[in-house]
Every structure is written in C-alpha cells, then in structure tokens.
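Sequence and predicted structure, then a few things I'm wondering about:
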Amino acid sequence: KNEVEQSPQNLTAQEGEFITINCSYSVGISALHWLQQHPGGGIVSLFMLSSGKKKHGRLIATINIQEKHSSLHITASHPRDSAVYICAVALSGSARQLTFGSGTQLTVLP
Amino acid sequence: NAGVTQTPKFRVLKTGQSMTLLCAQDMNHEYMYWYRQDPGMGLRLIHYSVGEGTTAKGEVPDGYNVSRLKKQNFLLGLESAAPSQTSVYFCASRDRGYEQYFGPGTRLTVT
C-alpha cells in the first residue's frame, strides 16, 4: 500500500465547476505539500501546510491531521487549471524527504 | 535569480553508456534532492544531500551515484545506463523551511 494515496486519478470538469482532489496518508508527517505540474513538465509548489486551511486565489487547501487527510479545492475552474496535481508529505526528520502521491490529472473543458 | 536549473534538458543514451546530470541552484539552499518520475508512479527520491560534501541514499538509489562538492551543485551520475533508467529526472532544493523548489527536469531515454 502506498503511503500517500490520491483520488481521483483522473478528473474532467466543465469550466466553472468546483473541484476537489483528495489525499490520504498513512505516516507521521511534518507538513503536506500540494504541487502542480503543467504539460510542459515543470513542477511548482502551490501550498505547504501542517494544519488548518490555506487559500490562494481560487485555490484552497485543507488538512485534517487526526484523520491523515487533505483536500485541494479549486473554485470556478478554468481550462488553464488543467494540470497534474500532486500531493506530497514531508516525513519527520532533519532531511524532511518528500513522499509523493501518483498525482491527479485534471482536465477542465471550456 | 535563476532558481534551480538542470543540464541537459534531454538526452538519449545507449545501454552501458555513462552520463552526469547537473543540478545548480543560486538560492544558497542547504538541502538538495534528485527524483525520478515514471508514468503512473509518483516521484521517487534517488539521493539527497543535507549540505556541501554530504550525500545520502533515498528510495531508489541503485545504479546512480551523486556528489555535492560545491553547495550550489548536485550531480547525478549513471555509470552504466540501463533501459530501466529511462525516466524524467527532477532536481529540487530547499532552505531551512519545508518548501522545495524544483528544476525543469531532464528527460532521459536509454535504448
């Protein structure tokens, strides 16, 4: 069993829809990251959180430490949001290596 | 401020050939990481470094070697390439916080 599970693996939405991507993990963590990978391949960090909720524009990330679960929400989705969204957890320890989920491919249709 | 850069962007190798991938960062970060990304799988950690002159094995280190002679550079070497090493390789660096900054990736094909 993977230490980080994401769902769904693939998601197609119509422009304007509210989108939720889920991430569950089974290990103790220092922090959880949400990353975005565009078709060109580059990876950018969207959020890093260890508790509660963070918001940036139309993106919202939440985490429930007790339930070992995080969600990434996109409000008023747009075709430019089409990308792979990756959940990663930072393990405890000085090097804080990341363990990654396999990603969610999001396609937003106009 | 270029962030994290990787050289080369693309490479095709024949089985048994060797090569070195270069990662450079200009943010004075202590921590650097090499990952590989394969279809249907999450990124997996190959090797990492917690400072100049140090290296450590990650999840999938076999067939790779690394060096961190200078703080800004982290080199990943393949001594004898195998088709199983066909992948996209990402380098990342981190300061004392948690956030990692990723390079643009190197697409390697081993035939």
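On my side now, so go ahead.

which ones are touching residue 41?
Because you didn't say which chain, this covers chain A. B:Val88, B:Pro104, B:Gly105, B:Arg107 (CB atoms under 8 Å, 6 or more residues apart in numbering or on different chains). Glycine gets a C-beta too; all of them are placed from N, C-alpha and C.

hmm, I had chain B in mind actually
A:Ser102.

mind checking the SS state of the closest residue to chain A within chain B?
Relative to chain A, the nearest point of chain B is B:Gly42 (3.4 Å; CB to the nearest CB). With DSSP: H, G, I helix; E, B strand; the rest coil as the basis, B:Gly42 sits in coil.

Does it touch A:Gly103 like I think?
Yes. Using CB atoms under 8 Å, B:Gly42 is in contact with A:Gly103, at 6.7 Å.

Counting neighbours, go ahead and name the busier of those two.
Neighbours per residue (other CB atoms under 10 Å in any protein chain shown) separate B:Gly42 from A:Gly103, with A:Gly103 holding more: 24 against 20.

That one and chain B: what is the separation?
Relative to chain B, A:Gly103 is positioned 7 Å away (CB to the nearest CB, to the nearest Å).

Was I right to think that residue contacts A:Gln37?
Yes. Counting by CB under 8 Å, A:Gly103 touches A:Gln37, with 7.1 Å between them.

that older thread, which residues touch the residue of chain B closest to chain A?
Contacts of B:Gly42 by CB under 8 Å, 6+ apart are A:Asn2, A:Val4, A:Ile86, A:Ala88, A:Thr99, A:Phe100, A:Gly101, A:Ser102, A:Gly103.

overlap in contacts of B:Gly42 and A:Gly103?
What both B:Gly42 and A:Gly103 touch, as defined by CB under 8 Å, 6+ apart, is the set A:Ile86.

what about the strands in the chain?
No chain was given, so I picked chain A. A:4-7, A:10-14, A:19-25, A:29-37, A:43-49, A:52-56, A:59-64, A:69-74, A:83-91, A:98-100, A:104-109 (DSSP state E).

that's the wrong chain, I wanted chain B
Going by DSSP E, chain B shows strands at B:4-7, B:10-13, B:19-25, B:31-37, B:44-49, B:56-57, B:64-67, B:73-78, B:87-94, B:100-102, B:106-110.

list the residues that contact both of A:Gly103 and A:Gln37?
Going by CB under 8 Å, 6+ apart, residues that sit against A:Gly103 and also against A:Gln37 are A:Val84, A:Tyr85, A:Ile86.

Kindly state the beta-bridge partners for residue 13.
If you meant another chain, say so; for now it's chain A. A:Val108 (DSSP bridges).

ah, no, chain B please
Here B:Leu13, judged by DSSP bridges, has bridge partners B:Val110.

quick one: low-confidence parts of the chain?
Here I'm looking at chain A. Applying pLDDT under 70 to chain A flags residues A:1, A:93-95.

oops, I was thinking of chain B
Looking at chain B by pLDDT under 70, you get B:1.

list the contacts for the residue nearest the centre of it?
Among the residues of chain B, B:Trp34 comes closest to the average C-alpha position under CA atoms, centre = their mean, at 3.2 Å. If you count contacts by CB under 8 Å, 6+ apart, B:Trp34 has them with B:21, B:23, B:45-48, B:58, B:64, B:66, B:74, B:76, B:89-91.

swap in B:Phe10?
B:Phe10 sits in contact with B:Thr106, B:Arg107, B:Leu108, where contact means CB under 8 Å, 6+ apart.

my read: the first one touches B:Val88, true?
Yes. B:Thr106 sits in contact with B:Val88 when judged by CB under 8 Å, with a separation of 7.0 Å.
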